[in-house]
Each structure stands twice: as structure tokens, then as C-alpha cells.
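Novice: Below are the sequence and a predicted model for it; my questions follow.
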Amino acid sequence: MYVVWITGASSGIGEALARQYCRQGAKVVLSARRVQELERVKGECVNEGANPENVLVLPLDVTETETMHSKVSTVIQHCEHIDLLINNAGVSQRSKCIDTDLSVYENLFAIDVMGQIALTKAVLPLMIERKSGHIAVTSSVAGKIGVQWRTGYCAAKHAVMGFFDALRAEVAEFGIHVSTITPGFIKTDVAKNALVGDGRQFSGQDSNIESGMDVDKCASIIVSRLNKGKKEIAVGEGLSLFALTIKRFSPTLLFFLMAKGVG
Ligand SMILES: NC(=O)c1ccc[n+]([C@@H]2O[C@H](COP(=O)([O-])OP(=O)(O)OC[C@H]3O[C@@H](n4cnc5c(N)ncnc54)[C@H](OP(=O)(O)O)[C@@H]3O)[C@@H](O)[C@H]2O)c1
């Protein structure tokens, strides 16, 4: 049975991915910090026809890197192997650099970068031994371009792009695939949960996110491209995605638009 481990599965894109994979008949491991929300997502998967035995709730805080090996052992006990790890957990930012405590940058890097690296490193030896596996990371369009109010988030998402691109080159010889996912604006709680300069949650509305792509549509695009083994998966609508094309063909125009606060 195909086994998919999704972090950040308690809401948003991770939740939608979990439901898609359950519908496809995969065995799914749901990880995040809020156990009650993970149980809710499991309930939704079961309501949609998943066998409860094929949905494992495994609470995990990706900043607790010392716990990764025991979490991997638990997954192996229940599922025997891991076919696809989706490093999707993440937190965004809504504060200007000048107003942002250094601790907020450290926190963003702990969640958005070190957490993904630590879990990947814990899973990787098993995939190398099996000579198969697929590792994905949810980066962001912000992992390719620099956006106001998100200096730490952009830095973190650029960092994971670099890490996973380099990892792809290293593990290709073992038959392991690596995919980077760069969503544009997707309608989730990402803005609400974003950190502000003193480390509190933004809790406000972000009109770009509110009018962003439907999360189920986003998840179905991601799953179909992961199934095809795509290495880079850009998903979104409008300027949030078009910005990648502008950066490629006219970085100067992109920098001008970003300085004007477009997007
Ligand atoms: N929505 C967008 O427009 C957008 C665009 C580009 C990229 N992304 C990326 O997509 C991913 C999913 O975000 P989303 O939009 O679905 O937002 P979301 O609804 O806020 O989901 C974030 C998920 O990350 C989990 N998480 C946060 N901190 C964690 C930690 N320390 N350990 C484990 N899990 C943690 C949260 O669960 P708990 O709170 O239960 O731990 C939640 O399940 C993120 O990496 C985000 O950066 C989103």
C-alpha cells in the first residue's frame, strides 16, 4: 500500500492533501501539533470512505528535532515503509524587518527550514536502503521572489528551495525523487497564523489569501503532479503565480512591482 506522511496536516493545504490521498486509497500519516484538529481531519477522511486503520494520527512539532527518529519508528511500526514524505508544515510572517525581533526570524527558520531538514534526514536512510521514495516540500512563490512584510518567511522558503534542489541531485542515484511545491495565494489560515514582529500571531485578514485559490483545487493539482513525479510544482492563480514568470524574464520589473507593494 502506498504510504504518505504529511506534516502540517491539521489544516489548509496539508489537510486537503490528506483527504486527496485517502480518496486515492493511500495509507496516510497525519502530523502537526494540534491533536484535536488531526483527529478531526482523520474523521473527515473516514467519512469520505477511508479505512480508519489506514489513517494514522501522529502528533509532531517539527521544531522538536530530537523526536524525529522515534516518530519515524512509529510510522514504520504502523506502515512498514514510507513512500512519500510531504514536508508541508509552515508558518508565515506579516511584519517589516525593522519591526521584527531576531527571535521571530529564529522561530521561522526553526519551523520552516530546520524542521523540514530534520524530518527529511530521519526518513532518508530508510528510502536509500529501499532504493525508492519521494520527498516533497511545500515552499512558496516567496521561495523564489522577495515580498514585503515577509523577509524571514522569504529567506526560509528560499533556503528550503536550495536544500531540496541540492538533495535531489544527491539522491537521484538511489531512485529517490524530490519535489518542491511553490504555491501562490491559497485560501487557508496561513495569514491568520503568520507571525508579527513581536512573535504574536497576525490573526488578521489578508485579502490576497482570502481571494486565493480554493485549497481543494490546489491539493488536487499538487497530488496529480506529485503522482507524475514532477520536480517543481507551481500552483496558484493570477499575479501570485505570474510573478515567477516576470522574475525570470524581467527581474527589474519584478523588483519594481515588489517595491510598490504589488501582491
Ligand atoms: N496558503 C498559502 O497561500 C501558501 C502559499 C505558499 C506556501 N504556503 C505554505 O503551505 C504550507 C501549509 O500552509 P497553509 O497555507 O495550509 O496554512 P495553515 O492552514 O496555517 O497550515 C499550516 C500547518 O502547519 C502546521 N504547523 C505549524 N507549525 C508547526 C510546527 N511547529 N510543527 C508541526 N506543524 C506545524 C500547522 O499545524 P499545527 O498548528 O496544528 O501544528 C498547520 O497544519 C506552509 O508551509 C506554508 O508556508 C502556503
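Specialist: It's in. Note that the structure is a prediction, hence the values are computed from the model and not measured. Residues are numbered from 1 along each chain as shown.

Novice: Work out which residue lies at the spatial centre of this protein.
Specialist: Asn88 (2.2 Å; CA atoms, centre = their mean).

Novice: give the contact list for it.
Specialist: If you count contacts by CB atoms under 8 Å, 6 or more residues apart in numbering, Asn88 has them with 6-9, 13-14, 17, 136-138, 181. In short, each C-beta sits where N, CA and C put it, glycine included.

Novice: can you do 7 Å?
Specialist: Applying CB atoms under 7 Å, 6 or more residues apart in numbering, we find Asn88 in contact with 6-8, 13-14, 17, 138.

Novice: Pick the one among these closest to Arg225.
Specialist: Taking CB to CB as the measure, Arg225 sits nearest to Leu17 out of these, at 11.8 Å.

Novice: so the closest one sits right up against Gly8, yeah?
Specialist: No: in this structure, Leu17 is not within contact of Gly8 by CB atoms under 7 Å, at 9.0 Å.

Novice: If you count surrounding residues, which of these two has more?
Specialist: Neighbours per residue (other CB atoms under 10 Å) separate Leu17 from Gly8, with Leu17 holding more: 30 against 27.

Novice: Retrieve the pLDDT associated with that one.
Specialist: What the model reports as pLDDT for Leu17 is 98.

Novice: Enumerate every residue touching Lys71.
Specialist: Going by CB under 7 Å, 6+ apart, Lys71 touches 58, 60.

Novice: name the element it belongs to?
Specialist: Element membership of Lys71, judged by DSSP states H and E, is helix 68-79.

Novice: That helix near the ligand at all?
Specialist: No: Helix 68-79 does not reach the ligand (CB under 6 Å from any ligand atom); its nearest approach is 10.9 Å.

Novice: and that helix, C-alpha only, in CSV?
Specialist: C-alpha atoms of helix 68-79 as CSV (Å, rounded to 0.1, in the frame of the first residue of the first chain):
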residue,chain,number,x,y,z
MET,A,68,12.2,12.7,14.7
HIS,A,69,13.8,9.3,14.9
SER,A,70,11.2,7.9,17.4
LYS,A,71,8.4,9.4,15.2
VAL,A,72,9.9,7.6,12.1
SER,A,73,10.0,4.4,14.1
THR,A,74,6.3,4.8,15.0
VAL,A,75,5.4,5.3,11.3
ILE,A,76,7.4,2.2,10.3
GLN,A,77,5.8,0.1,13.0
HIS,A,78,2.3,1.0,11.6
CYS,A,79,3.0,1.3,7.9
